[in-house]
Structures are given as C-alpha cells and as structure tokens.
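In: give me the fold of what follows.
(one chain, ligands or ions: 1)
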Amino acid sequence: MSAAIVAGALVSAGVEAREIVIKFSHVVAENTPKGQGALMFKELAEERLAGKVKVEVYPNSQLYGDAKEMEALALGDVQLIAPSLSKFDRYTKQVQLFDLPFLFDDIAAVDRFQNGPEGRKLLRSMEDKGFIGLGYWHNGMKQISANRPLRSPADAKGLKFRIQASDVLLAQFQALDANPQKMAFSEVYQALQVGTVDGQENTWSNIYSQKFHEVQKHITESNHGIIDYMVVTSTDFWNGLPDDVRSELEAIMEEVTSKVNDLANDINEEAKSNIQKAGTSEIIQLTTEERKAWKEAMAPVWKQFEPEIGAELIAAAEAANG
Ligand code: LMR
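Out: Alright, predicted model coming up:
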C-alpha cells in the first residue's frame with residue numbers, strides 16, 4: 001500500500017495524517033503546454049490543500065521516461081502522469097482513435113470531441129487496468145520534419161522516422177513507404193543529431209523546446225495529426241484519497257485543464273515563431289492540393305484500424321469537425 005493511501009486511511013480514522021505526496025512525472029520541457037499544466041496543478045493544489053497535499057513535478061523524463069511511466073503509475077511510484085494519447089495502445093485500443101491521420105481539422109474539433117459523451121467515456125476506458133483519466137490536455141497539431149524537404153508523400157519514401165510507441169503511427173509511415181522507428185521522447189534529439197533517424201513528427205512546442213529545429217533542415221507545416229494528453233492516475237490511489245481532498249483535486253484539475261487548453265495554441269505559435277527566428281530550418285507551407293496528397297497517402301490507415309477502434313467512434317470524432 002502506498003504512503004499516500006496510508007495517509008488517506010489515517011485521515012478517515014481521524015488521526016493526524018502526514019501530507020499526501022503526489023509525484024507528477026512527465027517527459028517534456030517546462031515551456032510546453034504539459035510542462036505549464038503540471039506546474040499550475042502543483043501551485044493550486046499546494047495553495048488550496050496546504051498542509052494536506054504536496055505535489056512534486058518531475059519534467060524532462062527526469063524520473064521516468066515514457067517507456068516506464070505507466071508501470072510506475074501502476075506500482076504507485078508516481079501518482080500522476082500525462083502521456084500523449086499515442087502511448088496508450090497497450091491498455092486501450094479505442095484511444096488509438098486520436099492517432100488517425102487527418103482525423104481532426106484543428107484543436108477546436110479535438111476539444112469538442114473530448115468534451116462530448118464519447119470523449120468523456122474514453123477517460124474511463126482503462127479502469128479495468130487500474131487507471132482513470134482525469135482530463136485531456138492539449139498540445140497541438142503535428143508537423144513533420146527531415147533533412148530533406150517534404151512536399152509530397154513520395155519525399156518521405158525510404159526515410160527513417162522516429163515515432164511514438166503507437167501502432168497507428170507505425171502504419172501511417174509505412175503507408176508512405178518510410179521506415180518508422182518507435183523511440184522514447186528523451187532519445188529523439190540525439191537520434192536526429194547522429195542520423196539514427198532522418199526525421200520525426202511533433203508539435204511546434206516540442207520541436208522548439210527539444211531543439212529538433214537545430215538538427216532538422218526542413219519542417220513541413222502539415223498539421224496532419226495531433227499530440228494531446230490524458231492526465232491519468234491509478235484507481236487505487238485516487239479512490240483511496242480522503243473524499244474532501246479528492247473532490248478539491250478534481251476541481252483543481254478541471255480548472256487547470258481549462259487553463260492549459262486555453263494556453264496551448266499560444267505556446268505553439270510562439271514556438272513556431274521562435275523557430276522561424278532561429279533560421280535553422282526552412283518551414284514548408286503546403287498548398288491545398290499538396291496537403292490533400294498527404295491525406296490520401298495516409299488514408300489506408302483508417303480502414304486498417306477501424307475494427308479495433310470502432311466505426312461509430314470514428315464517426316463521432318469526424319462529426320466534431322462540424
Ligand atoms: C513524444 O513522444 O513525441 C510526445 O508524446 C512527447 C510529449 O509528451 O509531448
């Protein structure tokens with residue numbers, strides 16, 4: 001039983017309890033939407049639950065890299081994580097939805113879907129595995145980069161791309177006749193620098209904060225997919241909290257979620273403008289026709305994953321484009 005749950009039990013027994021320590025581990029830098037969200041959560045929790053809750057934030061894969069964070073959560077070594085929605089396919093097939101290329105027109109559509117009934121339901125889709133989703137945090141739309149200009153899907157052919165641990169993303173690059181390689185986020189900069197991989201896909205804020213633009217000559221503004229997060233905790237930890245603490249933390253999470261989601265677009269736009277200013281990478285804009293060619297090249301992925309994700313869920317997500 002974790003220290004936090006013991007502390008919770010002591011509170012219910014009316015004995016003076018130790019502070020509940022919540023370790024929040026993540027893999028990105030602090031100047032990103034998730035990095036900012038974790039810090040806001042700490043600030044509000046320690047202000048409103050002073051003496052009851054302490055939040056320790058570990059950014060930059062300092063405590064656990066993304067291969068280990070779900071296990072660490074299951075073992076009670078951390079209490080909060082916020083992996084990208086691409087990193088849950090071992091636990092829930094439905095969440096793979098979010099990786100389908102060109103599914104959402106923009107982050108506003110993602111937001112509408114996540115806040116609708118189907119999106120809310122997915123937060124509970126890993127309860128049988130011992131995880132609960134507390135909310136969705138946005139990062140933004142993905143861009144694709146390489147040391148070769150990528151204008152048409154054929155330009156990606158034969159290149160090695162780093163991908164997150166997602167079978168949908170694997171299929172997406174295979175559809176381009178490229179060579180996808182699953183790799184932890186913390187290893188990407190070096191892999192690009194030494195040429196273990198030729199390219200990658202990510203949001204402006206991740207590209208900028210990890211300095212990928214310093215080791216990639218061209219970034220295509222493709223907006224072909226998204227990186228968003230589910231903030232997750234373990235059911236044992238969450239249900240073991242004293243009721244008053246849990247409901248206050250839920251309210252804080254809701255407030256922080258709305259703040260992060262308001263800020264995410266500005267953080268990405270600022271990162272994009274900083275990349276432009278740095279002048280190390282060419283930013284390639286696609287014409288409508290060129291973008292359509294990428295969409296068509298990646299389209300087979302949808303049919304491939306429809307049986308696992310469910311046609312109805314895909315339709316509900318599409319409907320959010322409005
Ligand atoms: C990645 O691995 O590229 C992202 O999921 C990192 C993150 O958490 O934004």
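In: can you pull the contacts of the residue of the stretch 1-150 of the chain at minimum distance from the ligand?
Out: Nearest residue of the stretch 1-150 of the chain to the ligand, counting by C-beta to the nearest ligand atom: S84, 3.2 Å away. Glycine gets a C-beta too; all of them are placed from N, C-alpha and C. Residues in contact with S84 (C-beta atoms under 8 Å, 6 or more residues apart in numbering) are N139, Q164, I227, D228, Y229.
In: now it, what are its backbone angles?
Out: Here the main-chain torsion angles of S84 (degrees, to the nearest 10) amount to phi -70, psi 150.
In: then I22?
Out: Phi and psi for I22, reported as degrees, to the nearest 10, are phi -110, psi 110.
In: so it makes contact with A45?
Out: Yes: I22 lies in contact with A45 (C-beta atoms under 8 Å); the separation is 7.1 Å.
In: common neighbours of those two, please.
Out: V53, V55.
In: possible to save the contacts of S84 as a markdown table with pLDDT, secondary structure and neighbour count?
Out: Formatted as a markdown table, the contacts of S84 follow (pLDDT from 0 to 100; DSSP: H, G, I helix; E, B strand; the rest coil; neighbours: other C-beta atoms under 10 Å):
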| residue | pLDDT | secondary structure | neighbour count |
| --- | --- | --- | --- |
| N139 | 98 | strand | 28 |
| Q164 | 98 | coil | 25 |
| I227 | 98 | strand | 25 |
| D228 | 98 | strand | 26 |
| Y229 | 98 | strand | 26 |
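In: ok, so of those residues, who is nearest the ligand?
Out: Q164 (4.4 Å).
In: surely the closest one touches F185?
Out: Yes: counting by C-beta under 8 Å, Q164 touches F185, with 7.4 Å between them.
In: the nearest residue in space to A165 that is not next to it in sequence: neighbour count?
Out: Distances taken as C-beta to C-beta, 6 or more residues apart in numbering put K182 closest to A165, at 4.8 Å, once the chain neighbours are dropped. Applying other C-beta atoms under 10 Å, we find 13 residues neighbouring K182.
In: verify the contact between I20 and K52 for me.
Out: Yes: contact criterion C-beta under 8 Å: I20 and K52 qualify, at 6.4 Å.
In: quickly list what's touching both of these two.
Out: With C-beta under 8 Å, 6+ apart, I20 and K52 have common neighbours V245.
In: of these two, which one has the most company?
Out: More crowded of I20 and K52, by other C-beta under 10 Å: I20, with 26 against 20.
In: kindly list the main-chain dihedrals of the more buried one?
Out: Taking degrees, to the nearest 10 as the convention, I20 sits at phi -80, psi 130.
In: and the ligand, which of the contacts of S84 contact it?
Out: N139, Q164, I227 (C-beta under 6 Å from any ligand atom).
In: neighbours around the closest residue to D105 other than its chain neighbours, how many?
Out: Ranked by C-beta to C-beta, 6+ apart and with sequence neighbours excluded, the top spatial neighbour of D105 is N321, at 4.6 Å. Residues near N321, counting by other C-beta under 10 Å, number 14.
In: before we move on, what SS does N321 have?
Out: The three-state label given to N321 by DSSP: H, G, I helix; E, B strand; the rest coil is coil.
In: ok, it - contacts?
Out: F104, D105, A109.
In: among those, who's most crowded?
Out: In those, the most neighbours by other C-beta under 10 Å go to F104, 23 neighbours.
In: residue contacts, it?
Out: V110, F113, I226, A317, A320, N321.
In: closest one of the residues you listed to V57?
Out: Proximity of these to V57 (C-beta to C-beta) peaks at I226, which lies at 23.7 Å.
In: now do the closest one against I107, distance only.
Out: Relative to I107, I226 is positioned 7 Å away (C-beta to C-beta, to the nearest Å).
In: tell me the residues of the stretch 201-322 of the chain that contact the ligand?
Out: For the stretch 201-322 of the chain, the contact set with the ligand under C-beta under 6 Å from any ligand atom comprises N202, N206, I227.
In: and what of the stretch 1-150 of the chain?
Out: Near the ligand, when you scan the stretch 1-150 of the chain using C-beta under 6 Å from any ligand atom, you find V27, V28, K34, D66, S84, N139.
In: find the pair from these with maximum spatial separation.
Out: Pairwise over these, using C-beta to C-beta, the maximum falls at D66 and N139, 13.8 Å.
In: helices along the protein, start to end?
Out: 3-12, 33-48, 69-74, 107-115, 117-122, 167-174, 188-194, 204-209, 235-239, 243-278, 288-298, 300-309, 311-319 (DSSP state H).
In: could you tell me the least trusted of these?
Out: Least confident of these, judged by mean pLDDT, is helix 3-12 with a mean of 50.
In: of I226 and I107, who's got more company?
Out: I226 (24 against 20).
In: quickly note the distance from the more buried one to the ligand.
Out: I226 sits 11 Å away from the ligand, going by C-beta to the nearest ligand atom, to the nearest Å.
In: residues touching that residue, list them.
Out: By C-beta under 8 Å, 6+ apart, the neighbours of I226 are L85, F98, F104, I107, V110, N139, G140, M141, K142.
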